[in-house]
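# Structural data only, the sequence is not supplied:
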């Protein structure tokens, strides 16, 4: 039984606590937050969980084998670093850290102490994304041509980070999970309409050497909630609509056929239309699988699917996009 | 009765002929194309229309008062220039010309000879776009924050122009029609997957000094046909979905409220949710209104809504976007 | 080359003329209507087609081998009867006739004179319905459990027939085409809101001995246009949504499993969820196939898919439903 | 503080307990179920709530002022009757009872002992249904013409009641809430495909003297989850789609205009198309409002919106529909 401490019991913390409570092999021992009211809520719901406002108490507790960091981005590094240094495994919310330097330092610490460092990119564990991975791995899509993500809604929660840091981590992580190729550069554009210099709408392009292009549209001030990813390949194409109640993933047997480069120059390109197929998706709550993965990695010593390296690659793109957006779309190499 | 000559009877030409035939005040006298089979089709359908493969014949015909140029982009300039120089009014397909220089020359010629020069940006004449214009003009949206357009589908028709030159003119023209502010610069990103150097997917950002940001996503190799425009303002937001059978335009009484710049810094931003409203739209075929507008402008001497100037501003953005896309998103001033 | 006469050039007639003009093997020789303005429209569009207000002229013309009857229902019988008696093949609009007696008489006449009698149930020739037929014929759905159709919209065109006679023929014909079992009885309910006794909303249930149940909802005063058919079987289920631009037909790998009657009594029924699949559909215009089928049957002498017998079975259900609706849903045997 | 006892902790019981726990003025004192495992779940989640398998214990507890009956339909009457006879207020799940006789008896008992008897027709308390009521009460729809409900899905949970008793109570209660007119008769059709005689698909028509017609489609073996209500009036029409994430209620400014009965006979009926409007809906959880309404009625002595009388009218329609369905749609007077 692995003893878990949860740091941060705001919007997302309760989901983390609930899922660790509901799996085998782990138990939340203590919950830490600076807000006493939140801690009272923990006590009411889980009388058996200890609460504290003192993080040091957690670090000193030998029964705590692992810490889940569920705090604002700016503080991820400090909480995670301290835990790793005290020999605790760490599950940290996304994005992993506020900079590449911080993320690299955490990876280094975890390696040094032989600890599990896992980033909670929850979407990677959904039935929809795992099914997409399976389809792409089989080669059904052919060569990958584009990855287009739109994640927008109305819900401006003012923060110290812009809309890309807030919304893009989900989709950038999905991109990294689905695609076995390292991106080479990014261009980002955006605008701020509140006078505080923090972009509320942003567009991010990620270039790959193979010709694959990825694009992300994030917007805090949109009239409707849209969460769509298109993945286009030479043979088939996928539409993933997370707002659909069922049939979230649709595979279109459509593609373009280019006989040769010479043919392309001579306009001998044809396209193909076929059936559409919506595979049945695994329904298990993604966060349940996150909790299980973390516990299983601690027990077995294997690397989590969403390990520090994958978390770092997301931060690297976010950091570069922030540089690009301030320079009006200037390409930034990764 | 204004005598019309139509040059080009390919995919779009038949619609132009049909609409000029069906309005009062105009008559298609002659149709010109290099393809004899196409001309045979004209004869079969409209025995009264003369056909020719010789453009000079049209220019020499004193009964032809106006020429509709419905040919590939690369030839717009030559056909329109010749017609203007011979004293004929011109309706030219979008985009108006293959370069800013060409477009400027046509405007100059029309002015010099006091002729009507109109660009067929058909979408401007749809009930949906005119209703959006009406709503924005009334100030219902408040300050404009963003204009986001997606126009994608599967249907790679190989050309000498990239996907932006093919699909973006519609939406860039709508942007110009709806917004009373001149754009200042563009950034464009894209990729080619056929080996011929012509982008089949592209993303274009247009900056304005007011903080308004416009973005265009065009894709020839998409699994589904999507044609959506979002227009966000401080008070209300519009979703225009051209694939909807009815209720193409939806106005959301949603917005964000920023008390002051200082408030923004202190996170005092709130958002507002309200009703949604889908106005009834005028159903008249847009191309019918295009034909009427052209005839009416010839008769009255007034400028068309989609005159050469507006056509030029579209070409200017396309030309700049092509420069930017070749430099991986580098900002190009307009 | 089969000479065709078209009787009736109102809303639907132009489509019939156009399609016969565009296929091989047939030619529209003459068009008959009592309205001179409509005939003028024929002349303008098809200078080669003769026009007349005198049906007798058609019957006397030896070059007319077949007559397409595109008039109001009440007159179908008289026009078709006269044509058959004068040795002309007949294509008649749906519903075939205003009563079972009329329909039976036409079938008898066609048999007596060895002529083709075809009913224009156009939907049977759509790619969607033909694909559904193919899937059901293969047994993919298992035992058929239900057929549920909704065809509603706003568009009260006052007639001498109620909403079932107007809208249900499409779906009743589809039912007859898809299902190889004769219905045994009907129950219909409805209401009239205009004070003229003609139902503007109606619900029709059709019973089969196998346990299959079919239901039709037709409504002239609905806020939105809905055209949906659900076909449920023991193994799979189909949703056919005719308002979808693409993916009109979706096949759900869902079903219920009943081990045995005893199991059912003991509640041992389970259900199964699986993939969804939307087959690519043939895009040819259905009316083109109708015209080809008619011409092909005349040439070969074989029976059309939508022959008089199938047309009669639709009329039989409509007639019975009218009796039932007047008796508030009382079951009427077929 | 009103002491509440909850009888039945199956699928729905936990929601009842949670909502009574979260409002002011009430407290769940005891929870009763025959299943010890369920009671263990209560204890784990709510250590302060007493559990028991003995209903008599609840009836004997003077601190229990009210009982919430959350058990299968067949047992509603016995639990509710016993509670009312022992002076406890009763909130009973829908449908209120298994027969009109039972429902009438409960109403009588509540009146005799001056107790609150409330039926948990939860949908009546949703923002969507309350908004529809508000719109209809204002007369915006004009004369009511039809009420059409579809509530279908896949999820055959074998019971002792048919699909109408299972799914129709929601919509029949909504009909009763929205319409101020008593229905006069019903016709119902249906079929059973499992061999146990319990209909898994059913269609119910309800007639009113005014010409209003209501219809219900319920299906346990449908491929997709559909929950839609159309309400049509002479002036406007409503579409209520409960599966929509937002904009569940849409009001269409559409209608038909009949000048007079004579005009109707002469086909002088026109229709009107206008805007569509989706009002913002109150988001409070409906069950929260149910709990509050119950507590408020106990405290104030006023009748609940969903009192025994309204519950009875639902049962009356269900009972009549069961008679009709066994006689193949024969009209049954109410």
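Arrived safely. Everything numeric here is computed off the predicted structure, so don't read it as measured data.
# ok, the closest residue to chain C within the stretch 101-250 of chain A to chain B distance?
As assessed by Cβ to the nearest Cβ, chain C sits closest to residue A:247 within the stretch 101-250 of chain A, at 5.5 Å. All C-beta spots, glycine's among them, are computed from the backbone N, C-alpha and C. Here residue A:247 is placed at a distance of 13 Å from chain B (Cβ to the nearest Cβ, to the nearest Å).
# residues contacting that residue?
A:278, C:276 (Cβ atoms under 8 Å, 6 or more residues apart in numbering or on different chains).
# ok, which stretches of the stretch 201-334 of chain A are strands?
A:201-207, A:213-219, A:221-233, A:237-241, A:249-252, A:255-258, A:269-272, A:276-278, A:332-333 (DSSP state E, counting those that start in this stretch).
# close to chain B, is the second one?
What that stands for is strand A:213-219. Yes - counting by Cβ under 8 Å from any Cβ of the partner chain, contacts between strand A:213-219 and chain B involve A:213, A:215, A:217, A:219.
# Just the closest of these to residue A:105, please.
Among the residues of strand A:213-219 next to chain B, residue A:215 lies closest to residue A:105 (Cβ to Cβ), at 30.4 Å.
# Of all the strands of the stretch 201-334 of chain A, which one comes closest to residue C:178?
strand A:276-278 (21.8 Å).
# State the distance from the residue nearest to residue A:222 when sequence neighbours are not counted to residue A:223.
Nearest residue to residue A:222, sequence neighbours excluded (Cβ to Cβ, 6 or more residues apart in numbering or on different chains): residue A:152, at 3.8 Å. Using Cβ to Cβ, to the nearest Å, residue A:152 is found at 9 Å from residue A:223.
# Residue A:105: what secondary structure?
helix (DSSP: H, G, I helix; E, B strand; the rest coil).
# distance of it from residue A:57?
Applying Cβ to Cβ to residue A:105 and residue A:57 gives a distance of 24 Å.
# Around chain C, pick out the residues from chain A.
Applying Cβ under 8 Å from any Cβ, one finds that chain A approaches chain C through A:247, A:253, A:273-280.
# which residues sit against stretch A:165-180?
For stretch A:165-180, contacts defined as Cβ under 8 Å, 6+ apart pick out A:73, A:94-95, A:119, A:121-124, A:129, A:132-133, A:136, A:144, A:147, A:149, A:151-152, A:157, A:159, A:202, A:204, A:206, A:208, A:212, A:214, A:216, A:218, A:220, A:229, A:231, A:305-306, A:310-311, A:313-314, A:317-318, A:321-322.
# Derive a PyMOL selection command for the buried subset of those.
To isolate the buried members of the contacts of stretch A:165-180 in PyMOL, using 16 or more other Cβ atoms under 10 Å in any protein chain shown:
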select buried, chain A and resi 73+94+95+119+121+122+123+124+129+132+133+136+144+147+149+151+152+202+204+206+208+212+214+216+218+220+229+231+305+306+310+311+313+314+317+318+321+322
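# can you tell me which of the contacts of stretch A:165-180 are in helices?
Among those, DSSP state H puts A:73, A:129, A:132-133, A:136, A:310-311, A:313-314, A:317-318, A:321-322 in helices.
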